[in-house]
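1. Mind looking at a prediction? Sequence and model below.
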Amino acid sequence: MQKSAFSLALSGLVLTAFIVSANTPPSTLLERIKQSGELHVVTRNAATTYYEGAQGPAGLEYDLVKQFAAYLDVNLNVSVRDNLNDILNQVEKGSVDFAAAGLTVTEDRQNRIRFSTPYQYITQQAVYNRDNFEKRPRKLTDMLGKQINVLANSSHAEQLKKLKARHPELSWHEIRDADSSEMLDMVAKKLVDFTIADSNEVTLYRRFHPELKVALNISKKQALAWAFAKGADDSLYKEAQNFMKHMEKSGELAYLIKRHYHHASKYRYSSTSTYLSKVRTRLPRYQPVFEKAALASKLDWRLVAAVSYQESLWNPHAVSFTGVRGMMMLTNRTAKQLGITDRTDPKESIYGGARYLRKMVDKVESEYGLSEPERTWFALAAYNVGFGHLTDARMLTKLRGGNPNKWTDVKETLPLLRQRKWYRKTRFGFARGEEPVKYVEAIRSYYDILNWYLDNGKPKIAERSILAFKSSAL
């Protein structure tokens, strides 16, 4: 009887403790986020941070916060603000959990907010239009008396204020409720003489406007980091620090940066003028065929068009030194397999090329188990060099200690297929392995430029309200 009473008393204590625990609100921000299952992040619309791409949300900052949400095992809610001061105010007030907006770490901002470990370093650059100057402006004094526009409340405005102490004549206009691409666009359109932009933004944007040039760096290397509210509760901040350390140690951070910028840094900006000329004059003739062929093969027509431009400059009678020909540069053997009787017929070539690319995409997915965007990049490489050589390169990548499922690693290995030391270890032997690397990187830029052109130079944002994304989609 006593034992039964003791058991009942103990059960009562356990039940009471459970009820108290269940009704006790979480004590830290991190606990509240995990209990709600949602992470709220504010960002800004830019090619370097967040934008709505053809395959959904994209950008380095988006990829980083998406992985952080998965790290916390919660959903990700992203809101977009153009005004930098609005972003900082939201962080200070606690309206969002933190900001991931390509924010430069500066003294003024550190007085307002707390920054995480940096994830990237940039340099502030003065950008001008080469058509406006006979000679490149190389010194800050060359900018005196010129019209300079920068974003209001930006690190660029802060830097100019510091430089003004040495050059009192320096003046500029601060523009509110705009984005960094609009600042660069003003220079491209000759509406102003200069703007200041981060080096990573310049790398991406110059592909669209090759007339833009860097005059000079106006700062040393500066850190980009996430921004958190100051206060006693540093639980989320500390977890973000742990996440950044994990990303850096695992090599995933370096991989993401390389994935977003390396192809653009290798792009020949001089190619843009020719490409855009063909987009305006030649593409309209074939665009309906690209659209129908891509739809039939469940591909993005702009990707098929970019492949065709890289192959033939949209010339149906193009012939390479290896004997491939037509809009999609199909070999005679591939054409026969696809049932194509005339490789120089634009419709046949485009439909055939789209079917062949679809075949490569499906093969990459089934045999390598890759998802986007790696799947498309590997498929493009296979389209160019052949699936066998690509498989050889993946094997060598693993042999060299790299990741055979990452394009950034495999593209470092592909050129080794020229060297006997390496290709003798493979099944398919020698290949001009540097060609698929250039091929994929060029198509990525042509695809980006075509999207930019079709969107009138504006990144696509489906809606500026809160957008929710399931982190489990990683």
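-> Received, thanks.
2. for this protein, what spans make up the strands?
-> Counting by DSSP state E, the chain has strands at residues 38-43, 51-53, 56-58, 75-80, 98-104, 113-115, 120-122, 124-129, 148-151, 173-175, 194-198, 212-217, 222-229, 467-469.
3. Please work out the angle formed by the directions of the fourth one and strand 98-104.
-> Between the axis of strand 75-80 and that of strand 98-104 there is an angle of 50 degrees, by axes from the mean of the first three to the mean of the last three C-alpha atoms, to 10 degrees.
4. elements contacting strand 75-80?
-> Helices and strands touching strand 75-80, as assessed by 3 or more C-beta pairs under 8 Å, 6 or more residues apart in numbering; DSSP states H and E, comprise strand 38-43, helix 60-72, strand 467-469. Using the backbone N, CA and C atoms, a C-beta is placed for each residue, glycine as well.
5. Is it possible to get those out as CSV so that each row also shows distance to residue 428, mean neighbour count and mean pLDDT?
-> Output for the helices and strands packed on strand 75-80, formatted as CSV (distance: least, C-beta to C-beta, whole Å; neighbours: other C-beta atoms under 10 Å; pLDDT from 0 to 100):
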stretch, distance to residue 428, mean neighbour count, mean pLDDT
strand 38-43, 44, 22, 96
helix 60-72, 33, 22, 95
strand 467-469, 40, 14, 30
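6. would you list the ones you listed in a markdown table and tack on distance to residue 395?
-> As requested, those are exported to a markdown table (distance: least, C-beta to C-beta, whole Å):
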| stretch | distance to residue 395 |
| --- | --- |
| strand 38-43 | 39 |
| helix 60-72 | 28 |
| strand 467-469 | 35 |
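7. before we move on, the earlier item: so which of the strands of the chain gets nearest residue 422?
-> Residue 422 lies closest, by C-beta to C-beta, to one member of the strands of the chain: strand 120-122, at 32.5 Å.
8. Can you list the strands that that closest one pairs with?
-> Strand 120-122 pairs in its sheet with strand 222-229 (antiparallel), by DSSP bridges.
9. what angle sits between the strand it pairs with and strand 124-129?
-> Here strand 222-229 points in a direction 110 degrees away from that of strand 124-129 (the same axes, to 10 degrees).
10. Please list all residues in contact with the spatially closest residue to residue 222 that is not a sequence neighbour.
-> Nearest residue to residue 222, sequence neighbours excluded (C-beta to C-beta, 6 or more residues apart in numbering): residue 104, at 5.0 Å. By C-beta atoms under 8 Å, 6 or more residues apart in numbering, the contact list for residue 104 reads 122, 124, 155, 198, 222, 223, 224.
11. Low-confidence ranges, the stretch 351-474 of the chain, go.
-> Applying pLDDT under 70 to the stretch 351-474 of the chain flags residues 456-474.
12. the helices in it, which residues?
-> Using DSSP state H, counting those that start in this stretch, the helices of the stretch 351-474 of the chain run over 374-385, 387-399, 407-413, 420-423, 434-454.
13. One more: the stretch 201-350 of the chain?
-> Using DSSP H, counting those that start in this stretch, helices in the stretch 201-350 of the chain cover 235-250, 252-265, 271-281, 283-296, 301-312, 332-337, 346-363.
14. which of those is buried the deepest?
-> Burial of the helices of the stretch 201-350 of the chain is given as mean neighbour count (mean count of other C-beta atoms under 10 Å); helix 301-312 ranks first at a mean of 24.
15. tell me the mean pLDDT for that one?
-> Helix 301-312 comes out with an average pLDDT of 96.
16. Could you tell me the angle between it and helix 271-281?
-> Using the same axes, to 10 degrees: helix 301-312 against helix 271-281 is 120 degrees.
17. Quick one: work out the angle between helix 301-312 and helix 346-363.
-> Counting by the same axes, to 10 degrees, helix 301-312 lies at 110 degrees to helix 346-363.
18. re the thing from before, buried by neighbour count, from the contacts of residue 104: which ones?
-> Among the contacts of residue 104, those scoring as buried are 122, 124, 155, 198, 222, 223, 224 (criterion: 16 or more other C-beta atoms under 10 Å).
19. Relative to residue 433, which of the residues you listed is nearest.
-> residue 122 (31.8 Å).
20. give me every residue that touches the closest residue in space to the closest one that isn't next to it in sequence.
-> Closest residue to residue 122 apart from its sequence neighbours, by C-beta to C-beta, 6+ apart: residue 198 at 4.3 Å. Residue 198 makes contacts with 48, 102, 104, 122, 123, 124, 125, 180, 224, as judged by C-beta under 8 Å, 6+ apart.
21. How about the contacts made by residue 398?
-> Contact analysis of residue 398 by C-beta under 8 Å, 6+ apart lists residue 404.
22. wait, residue 175
-> By C-beta under 8 Å, 6+ apart, the contact set of residue 175 is 149, 150, 151, 152, 182, 183.
23. Okay, it and residue 192: tell me how far apart.
-> Distance of residue 175 to residue 192, given as C-beta to C-beta, to the nearest Å: 10 Å.
24. Now for the two: what residues contact both?
-> Common neighbours of residue 175 and residue 192, counting by C-beta under 8 Å, 6+ apart, are residue 149.
25. So the residue nearest to residue 444 when sequence neighbours are not counted versus residue 408, what's the distance?
-> Of all residues not flanking residue 444 in the chain, residue 263 sits nearest, at 4.7 Å (C-beta to C-beta, 6+ apart). Separation of residue 263 from residue 408 (C-beta to C-beta) stands at 10 Å.
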